[in-house]
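[1] Predicted coordinates and the sequence they were generated for:
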Amino acid sequence: DSGVTQTPKHLITATGQRVTLRCSPRSGDLSVYWYQQSLDQGLQFLIQYYNGEERAKGNILERFSAQQFPDLHSELNLSSLELGDSALYFCASSVAAVADTQYFGPGTRLTVL
Amino acid sequence: GQQVMQIPQYQHVQEGEDFTTYCNSSTTLSNIQWYKQRPGGHPVFLIQLVKSGEVKKQKRLTFQFGEAKKNSSLHITATQTTDVGTYFCAGQSDYKLSFGAGTTVTVRA
């Protein structure tokens, strides 16, 4: 158990819909990262927040957005969902903003029908 | 942008044999991290290399960071069934961590 929690575990929805994935980092970690893992794309970095502020951006689509709240939990919002958005979404956390070990949560499996 | 290439994509190994997975970056890295993801699980941090030419060992696993800090390798000796999974390298540059596509390892008993 990494100490990072993610909800829900599974999510099944239809194209065009909007969903919110939630992540609680390990106690004491200030950084939260979001990743998308699909079979044909590997592990893709989406975005990082550090202490409530956006720190780094990766291959995140405009239909996706995220935020980190004052209690440091984070949410990833996915809108106008497409079939290709079906994937495993991981959240990871770390203490520092850069060059630090990342602890991954169990992931949320999103299926878009 | 930064790209991290990892080879091979798949590695089928006889139990007891050795194998190596390689990671190459298009840019110089500040550090490189290795993660292991068991089937159905999430990536778990293994190690971080920071210095040019650094070599670190964890039991049967040997990690190496290239002199130019653009490549890395993971060598596993005497492979066991517990080594099954996908091994990812992740290179850090400009505050971004880029993951390789991973090497998925299967072991024949």
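    Happy to help now that I have it.
[2] what residue lies at the spatial centre of the chain?
    Here I'm looking at chain A. residue A:34 (3.2 Å; Cα atoms, centre = their mean).
[3] You answered for a different chain; I wanted chain B.
    residue B:89 (4.3 Å).
[4] count of residues packed around the closest residue to residue B:49 other than its chain neighbours?
    Taking Cβ to Cβ, 6 or more residues apart in numbering or on different chains as the measure, residue B:49 lies nearest to residue B:65, with 3.8 Å between them; neighbours along the chain are not counted. From N, CA and C alone the C-beta is placed, and that goes for glycine too. Summarising burial for residue B:65: neighbours were counted as other Cβ atoms under 10 Å in any protein chain shown, giving 23.
[5] so what's residue B:65 up against?
    Under the criterion of Cβ atoms under 8 Å, 6 or more residues apart in numbering or on different chains, the contact partners of residue B:65 comprise B:32, B:49-55, B:71-72.
[6] 6 Å instead?
    For residue B:65, the set of contacting residues under the criterion of Cβ atoms under 6 Å, 6 or more residues apart in numbering or on different chains consists of B:32, B:49, B:54, B:72.
[7] Looking at it now. What's its pLDDT?
    pLDDT, the model's per-residue confidence, is 98 for residue B:65.
[8] Confirm for me that residue B:100 is in contact with residue B:89.
    Yes. At 4.6 Å, residue B:100 counts as touching residue B:89 under the criterion of Cβ atoms under 6 Å.
[9] Could you give the number of residues near residue B:22?
    18.
[10] What distance do you get for it to chain A?
    When Cβ to the nearest Cβ, to the nearest Å is applied, the distance between residue B:22 and chain A equals 16 Å.
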